[in-house]
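*Asks:* model the following, please.
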Amino acid sequence: MRVIVEKTFPLTWVAAGLGLILAFILIVGGATGPSDGPRLPLLTLLFISEFGFLVTAGGVFWAFRTRNRADREKGRLIAAVACVALALGFLLVGISLWTGMVGGLPNVAGHSGSMALG
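*Replies:* Numbering: from 1, shown residues only. Predicted coordinates for the structure are as follows:
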């Protein structure tokens, strides 16, 4: 049944497409914008980046799990590479939003990363 679902409904391409939509929402929401602050709340940006990572990582997993059963290997490889790139992007944006720093560079979203109250 899984092979039939994959032939009629390309899950890897759906994951890549959904990842692109979520990446666009993060960009428009201000997760990677100037330091004047994001347009969406921090928790929403974190949720979108985590969900995007899970969806695109699932697309990579599905592409490599079903790689020997497909007729169109080039298309699956392109979608898998897109999902890998998007998953890494979502991971880096999520870490950047959470900690305020990635690799010593200041967070461009303007969040301090501090969990202090008050």
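
*Asks:* return the helix or strand in the protein with minimum mean pLDDT.
*Replies:* Every helix and strand of the chain was ranked by mean pLDDT, DSSP states H and E. The lowest is strand 101-102, at a mean of 42.

*Asks:* where along the chain do the strands fall?
*Replies:* 101-102, 105-106 (DSSP state E).

*Asks:* burial measure for residue 74, as a count.
*Replies:* Neighbour count for residue 74, taken as other C-beta atoms under 10 Å: 8. All C-beta spots, glycine's among them, are computed from the backbone N, C-alpha and C.

*Asks:* er, residue 19 actually
*Replies:* 25.

*Asks:* wait, it touches residue 59, no?
*Replies:* Yes. Under the criterion of C-beta atoms under 8 Å, residue 19 makes contact with residue 59 at 7.2 Å.

*Asks:* list residues touching both of these two?
*Replies:* residue 83 (C-beta atoms under 8 Å, 6 or more residues apart in numbering).

*Asks:* need the pLDDT of residue 92.
*Replies:* pLDDT recorded at residue 92 is 92.

*Asks:* how much space between it and residue 11?
*Replies:* Residue 92 is 24 Å from residue 11, where distance means C-beta to C-beta, to the nearest Å.
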